[in-house]
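> got a structure for you, letters missing:
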């Protein structure tokens, strides 16, 4: 299937987007051509899994508590070096000279997300800029928080650019990102920006953690939902999960593993020991689908139902999860973004490349309707690389 992309404008640049999500399973790297306005033209893509020992260190820092400042500093440096190597490998794969790349947009690796107070991502952008020679934009979230926003989600404006103008787009659609956490972008036909966005609750985070436990650390996810398909859902265990207070919060809202991580899973398993099995995977998969449906209903309490749900992120590849989402949203057409010509795993890396160029151009990266900030603002901090003087002269 051909990739959906825009025709590059004369003001377009080659930009690399780097993304590591809350699941901390690795880095998504995308080389795109973008003008920061239209959807990106994809050029190359690379996935780099984290070594199991490194992933475990990241997951440990994501646990609630004070954490170890020395470990945090070491991982910040280590991840910056890894992000830089992945960017260089991506250029080699694409047979593109790094000197022709204008910019890198690096989201980093989230270890804390505590809106409205702070958010912390590791992966030192200054290290990336120095080692690659490419000016790097990072720290995308705090500017939005400084204006009272959630600092998340940040992909909705890119979702608008990518999907809203599609021929035949429905009047109302929700773009659903199924990473560690599930978030939605509500798009209306003819609107100039998303109507609303936010995190609905968990997507893969709890399922991944249980799969890790059930396999004694050998696998990090329930591949294709096979474990869930073999299990049986438990109504009482599901009702306990649906009692989480976050699910009833009004938008704008965002969450993370602080709410839906190992501690929450451990509390649930203590209440329902039989869930430490494929039955637990089945129940957690249903939990993601049901909390998503509830979150969509909460987004438009007047009863508006989106005609279409577009699934993105790693969870889009899980057929059991897709089936359950369709069951929970029978009036909506559920499709994956691959069916619309866009690769599910690449969208967030594209989004941060796009956002990085918007930072350079002084364009907004968020809006009050998507994060709850008092106003739209330019996001990110710029870390000059060796190409900085040339980049400035070409703007």
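Received, thanks. In this text, all values refer to a predicted model and were calculated from it rather than measured experimentally. Numbers count the residues shown, from 1 in each chain.
> wait, is residue 211 part of a helix?
Yes - the assignment for residue 211 by DSSP: H, G, I helix; E, B strand; the rest coil puts it in a helix.
> Can you list the residue ranges for strands in the chain?
Under the criterion DSSP state E, the chain carries strands at the ranges 13-20, 26-34, 41-49, 103-114, 118-122, 136-138, 172-178, 181-188, 196-202, 308-312, 333-336, 381-383.
> roughly how far is stretch 234-252 from the heart of the chain?
21 Å (CA atoms, centre = their mean, to the nearest Å).
> For the helix or strand bottoming out on mean pLDDT in the chain, give me every contacting residue.
None of the helices or strands of the chain scores lower by mean pLDDT, DSSP states H and E than helix 388-394, at a mean of 91. Helix 388-394 is contacted from outside by 102-103, 135, 360, using CB atoms under 8 Å, 6 or more residues apart in numbering. Using the backbone N, CA and C atoms, a C-beta is placed for each residue, glycine as well.
> In helices, which of those residues fall?
Residues of these located in helices (DSSP state H): residue 360.
> For the contacts of helix 388-394, give me JSON lines that also has neighbour count, distance to residue 254 and pLDDT.
Rendered in JSON lines, the data for the contacts of helix 388-394 read as follows (neighbours: other CB atoms under 10 Å; distance: CB to CB, whole Å; pLDDT from 0 to 100):
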{"residue": "102", "neighbour count": "23", "distance to residue 254": "30", "pLDDT": "97"}
{"residue": "103", "neighbour count": "25", "distance to residue 254": "26", "pLDDT": "98"}
{"residue": "135", "neighbour count": "25", "distance to residue 254": "28", "pLDDT": "98"}
{"residue": "360", "neighbour count": "22", "distance to residue 254": "25", "pLDDT": "96"}
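> related to what we said a few turns ago, mind putting the strands of the chain in CSV, distance to residue 261 included?
Output for the strands of the chain, formatted as CSV (distance: least, CB to CB, whole Å):
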stretch, distance to residue 261
strand 13-20, 16
strand 26-34, 18
strand 41-49, 20
strand 103-114, 11
strand 118-122, 15
strand 136-138, 24
strand 172-178, 17
strand 181-188, 10
strand 196-202, 9
strand 308-312, 22
strand 333-336, 26
strand 381-383, 27
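> thinking residue 258 is in contact with residue 114, fair?
Yes - applying CB atoms under 8 Å, one finds residue 258 in contact with residue 114, separated by 6.8 Å.
> Tell me how far stretch 307-314 lies from the chain's centre.
That offset, for stretch 307-314, works out to 13 Å (CA atoms, centre = their mean).
> Show me which parts of it are buried, residue by residue.
Of the residues in stretch 307-314, those with enough neighbours to count as buried (16 or more other CB atoms under 10 Å) are 308-314.
> Could you export those residues as TSV, including pLDDT and distance to residue 41?
TSV is the format used below for these (pLDDT from 0 to 100; distance: CB to CB, whole Å):
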residue	pLDDT	distance to residue 41
308	97	24
309	98	26
310	97	20
311	98	23
312	96	18
313	94	21
314	93	23
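> Distance to residue 45 added to those residues, as a markdown table?
A markdown table is the format used below for the buried residues of stretch 307-314 (distance: CB to CB, whole Å):
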| residue | distance to residue 45 |
| --- | --- |
| 308 | 25 |
| 309 | 24 |
| 310 | 19 |
| 311 | 18 |
| 312 | 14 |
| 313 | 15 |
| 314 | 14 |
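> Name the nearest of the contacts of helix 388-394 relative to residue 232.
Closest to residue 232 out of the contacts of helix 388-394 is residue 103 (49.7 Å), distances taken as CB to CB.
> and of the strands of the chain, who's closest to residue 374?
strand 196-202 (16.2 Å).
> and the closest one, how far from the chain's centre?
With CA atoms, centre = their mean, you get 11 Å for strand 196-202.
> Residue 52 is in contact with residue 217, isn't it?
Yes - using CB under 8 Å, residue 52 makes contact with residue 217 at a distance of 7.2 Å.
> Report the residue spans of the stretch 51-200 of the chain with pLDDT below the cut-off.
Filtered on pLDDT under 70, the stretch 51-200 of the chain yields the residue ranges 66.
> how about the helix ranked longest in the chain: buried residues?
As assigned by DSSP H, the longest helix anywhere in the chain is helix 69-94. For helix 69-94, a neighbour-count test (16+ other CB under 10 Å) marks 75-76, 78-80, 82-84, 86-88, 90-91, 94 as buried.
> same thing with stretch 376-383?
Buried residues in stretch 376-383 (16+ other CB under 10 Å): 376-377, 379-380, 382-383.
> and what of stretch 167-187?
Using 16+ other CB under 10 Å as the test for burial, stretch 167-187 gives 169, 172-187.
> how long is it end to end?
14 Å (CA to CA, to the nearest Å).
> cool, and stretch 156-167?
Terminal residues of stretch 156-167 are spaced 19 Å apart (CA to CA).
> What of stretch 36-51?
One end of stretch 36-51 to the other measures 33 Å (CA to CA).
> do the same with stretch 271-278
16 Å.
> and what of stretch 247-258?
Taking CA to CA, stretch 247-258 runs 14 Å from one end to the other.
> try stretch 18-38
Stretch 18-38 end-to-end distance (CA to CA) = 19 Å.
> chain center to that stretch, what's the gap?
9 Å.
> What are the buried residues along it?
Of the residues in stretch 18-38, those buried (16+ other CB under 10 Å) are 18-36, 38.
> now swap in stretch 347-360 and tell me
Buried, per 16+ other CB under 10 Å, within stretch 347-360: 347-360.
> surely residue 238 meets residue 282?
No - contact between residue 238 and residue 282 fails when scored by CB under 8 Å: they sit 9.6 Å apart.
> what about these two, which has more around it?
The neighbour comparison of residue 238 against residue 282 (other CB atoms under 10 Å) goes to residue 282, with 26 against 19.
> isn't that one right next to residue 232, touching?
Yes - between residue 282 and residue 232 there is a contact at 5.9 Å, judged by CB under 8 Å.
> list the contacts for the closest residue to residue 357 other than its chain neighbours?
Nearest non-adjacent residue to residue 357, counting by CB to CB, 6 or more residues apart in numbering: residue 36, 3.8 Å away. Going by CB under 8 Å, 6+ apart, residue 36 touches 354, 357-358, 360-361, 363.
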